[in-house]
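Trainee: Any chance you can model this:
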Amino acid sequence: MDSQGGDLAEILSKSIGVPIARAKSLLESKSTRVMRYRKIRYITLRRDLAGHYEGTTILIDEDTGEYRIVEGYPHIRRILLLSKAVPQHFIDEVIVEEKMDGHNVRVVLFKDMILALTRGGYVCPYTTHKVNHKYRKQIIRLLDDLGHDSVIAGEVVGMENPYTRYHYPEAPQWDYFIFDIFKEGSPIPVAARRDLIDKHGLRNVPVHGRYRKEDWQSILEVARSLEDLGREGIILKDPLYRVDPLKYTTSYINVRDIREGMTYPFDEGHTFIFPRVLRQMFKAIEEGWSEDELKRQAALLGEAILIPAVEGIRRFIIEGKLAEEFTLTFHDLDALEEFLSYSASLGVPLTIISMNRGDGIIKVRVQKPKRTPDYYKRILRTGFSPLD
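Mentor: Next up is the predicted model:
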């Protein structure tokens, strides 16, 4: 199959509904990316295109030319003021589910393979490996029940993953919590989804109640209770998906994200700060923070911005390096090699620091490079700012 024209362009043209000339142009642009996973060639959309979401993936069997389009996961609008958004947006009732702190993964069946797709539309070898090892039989049964063209969407959480790491007592290492199932392109009702997931031995995201839309104060209390537990936030859903879901995050996660982002400020910090400061500004208004609470939150915010950044510079000066490190677990070496190759193909070469084997598990400590040390090196050498 010609990867830059011919069959590939025809498949893209048919999948997203654009003329063949436009499809060829897209394949040569930064709007798409062509990747491979085993005997599957796939195209991922890197922005919204022709009515399809960013992260949409077209999976293609290299042997037969059969293909399938998997729509990207829709963007969920963020709430700054529950008191305004909830009564205006929802029709009558609201189901409150927990917004877990991990990464969004769609799971699909294609050519007898269970594949895990990232939010960006890439087949992640590591997540695919973990999902298959832990839940393959359950997912197959679920899709047999629903239809093989269905799409499962959920959050991968736990400390053993290469993207977002947060310790959940109920999932300390790695697990997959489902928050949506799309059948024939539409999400199935919340209660039906939860029943199906339970029936097939999979895990639902936690649910925190069902409220009338006018009862936004009770919903705010749910968010506050999660704040006390150091959890991320909530997703608000119409029981029948008559309107789109909304999301709302806690102060804890707003400040923590800034703290983590500012460890590598030239990689993530500057994009993390203002959106999260904005969230805190309106939480202060809606929750009626006292002057003492405002000063406490301001101190936490300032510490989150400055302290990790300064500690990172000091570490770089002493050690001469600054990189993200984390642990992954595999059940065979082939899966490890696939993931390393995949990361390198995305421009993120990982370095293995240590590897241990036992009880059928390969535990690997890896290091992910960052751009921030290059900026530090230049600043410490010249004294000039790279920003202004």
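Trainee: C-alpha from now on. contacts and neighbour counts both.
Mentor: Will do.
Trainee: Wasn't His129 part of a helix?
Mentor: Yes. When the secondary structure is assigned by DSSP: H, G, I helix; E, B strand; the rest coil, His129 falls within a helix.
Trainee: Would you point out which residue is most central in the chain?
Mentor: His103 (2.7 Å; Cα atoms, centre = their mean).
Trainee: Run a quick check on that one versus Asn161, I expect a contact.
Mentor: No. Between His103 and Asn161 no contact is recorded; they are 9.3 Å apart, counting by Cα atoms under 8 Å.
Trainee: Give me the below-cutoff pLDDT ranges for the stretch 1-150 of the chain.
Mentor: Applying pLDDT under 70 to the stretch 1-150 of the chain flags residues 1-6.
Trainee: quick one, strands of it?
Mentor: Counting by DSSP state E, counting those that start in this stretch, the segments of the stretch 1-150 of the chain that form strands are 32-37, 40-45, 57-61, 67-70, 77-78, 93-99, 103-110, 113-118.
Trainee: Could you save these as a markdown table and add columns showing distance to Phe182?
Mentor: Putting the strands of the stretch 1-150 of the chain into a markdown table (distance: least, Cα to Cα, whole Å) gives the following:
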| stretch | distance to Phe182 |
| --- | --- |
| strand 32-37 | 23 |
| strand 40-45 | 19 |
| strand 57-61 | 15 |
| strand 67-70 | 10 |
| strand 77-78 | 19 |
| strand 93-99 | 17 |
| strand 103-110 | 10 |
| strand 113-118 | 14 |
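Trainee: The ones you listed: which one's closest to Pro206?
Mentor: Between Pro206 and those, the shortest gap by Cα to Cα is with strand 93-99, which sits at 5.4 Å.
Trainee: How much space separates Arg41 from Leu117?
Mentor: For Arg41, the distance to Leu117 equals 13 Å [Cα to Cα, to the nearest Å].
Trainee: same thing with Arg22?
Mentor: When Cα to Cα is applied, the distance between Arg22 and Leu117 equals 25 Å.
Trainee: For those two, work out which one has more neighbours and name it.
Mentor: Leu117 (24 against 13; other Cα atoms under 10 Å).
Trainee: Nearest residue to the more buried one in space, please, no chain neighbours.
Mentor: Leaving out its chain neighbours, the residue that sits closest to Leu117 by Cα to Cα, 6 or more residues apart in numbering is Val123, at 4.6 Å.
Trainee: how many neighbours does that neighbour have?
Mentor: Neighbour count of Val123, defined by other Cα under 10 Å: 25.
Trainee: Now do the same contact list for it.
Mentor: Val123 sits next to 37, 115-117 when contact means Cα atoms under 8 Å, 6 or more residues apart in numbering.
Trainee: Mind checking which of those residues are buried?
Mentor: Buried by 16 or more other Cα atoms under 10 Å: 115-117, out of those.
Trainee: on that earlier part again, which positions are bridged to the residue nearest to the centre of the chain in the beta structure?
Mentor: Here His103 sits in beta bridges with Val156, going by DSSP bridges.
Trainee: just to revisit the earlier point, tell me which of the strands of the stretch 1-150 of the chain sits nearest to Asp244.
Mentor: Checking the strands of the stretch 1-150 of the chain against Asp244 by Cα to Cα gives strand 77-78 as the closest, at 8.4 Å.
Trainee: contact partners of that closest one?
Mentor: The contact list for strand 77-78, computed with Cα under 8 Å, 6+ apart, reads 245-248.
Trainee: With distance to Ala223, neighbour count and secondary structure as extra columns, can I get those residues in CSV?
Mentor: Listed next are these as CSV, based on distance: Cα to Cα, whole Å; neighbours: other Cα atoms under 10 Å; DSSP: H, G, I helix; E, B strand; the rest coil:
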residue, distance to Ala223, neighbour count, secondary structure
Pro245, 16, 21, coil
Leu246, 13, 21, strand
Lys247, 11, 19, strand
Tyr248, 8, 21, strand
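Trainee: ok, and for stretch 66-84, which residues are buried?
Mentor: With burial defined by 16+ other Cα under 10 Å, the residues of stretch 66-84 counted as buried are 67-73, 79-83.
Trainee: what does stretch 52-71 give?
Mentor: Using 16+ other Cα under 10 Å as the test for burial, stretch 52-71 gives 52-61, 67-71.
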